[in-house]
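Undergrad: sequence first, then the predicted structure, then my questions.
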Amino acid sequence: MRRPNLRRGVYVTCGIFLCIVIAFAVTATIGHDGLCGGFFPGLSVRRPCSLWEYVSGDMFAIALIFVLTYWPLFLVTLVLPPTVGYWIDRRGMHHVV
C-alpha cells in the first residue's frame, strides 16, 4: 500500500529539524567569541575554547534546555506533518473504486 503523503510528511519533519539545526549552528558560529562556559557565574568561569568545543558543548547544553522547556512544541513539530500526510492518504483511499 502506497502512502506518498505520509512519506512527504516525514520529509517535511526532517526538513524542519534540519533547518533548526542549521540555524542553531550558524547562530553559534557567528556568536562565538573564543570563550566557553560561564552559564552559572558563581560556579564556573569563562575559559578559552575552540569553535568546535563551543558548538558541541555549549550549544548542546542550550539545545537540551530548549527541548526540555519547549517539549510540547517539539512534539507537535515531530508528529503533525506525518499525521496530516496520513489523513490525506486515507481520504484519498476512500475515493478510489
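TA: Right, received. Where do you want to start?

Undergrad: hey, let's count contacts and neighbours off CA atoms from now on
TA: Noted.

Undergrad: got the contact list for the strand or helix carrying residue 63?
TA: Assigned by DSSP states H and E, residue 63 belongs to helix 59-69. With contacts defined as C-alpha atoms under 8 Å, 6 or more residues apart in numbering, helix 59-69 is touched by 24, 28, 74.

Undergrad: which ones are touching the last one?
TA: Taking C-alpha under 8 Å, 6+ apart as the criterion, residue 74 is in contact with residue 67.

Undergrad: what helix or strand does it sit in?
TA: Residue 74 is part of helix 71-94, with elements assigned from DSSP H and E.

Undergrad: buried set for that helix?
TA: Residues of helix 71-94 classed as buried: 77-78, 81-82, 85-86, 89 (neighbour count, 16 or more other C-alpha atoms under 10 Å).

Undergrad: one step back: average pLDDT across the helix holding residue 63?
TA: For helix 59-69, the mean per-residue pLDDT is 82.

Undergrad: now that helix: buried residues?
TA: Those would be residue 59, for helix 59-69 by 16+ other C-alpha under 10 Å.

Undergrad: relative to helix 71-94, how tilted is that helix?
TA: Taking axes from the mean of the first three to the mean of the last three C-alpha atoms, to 10 degrees, one finds that helix 59-69 is oriented at 70 degrees with respect to helix 71-94.

Undergrad: that'll do, ta.
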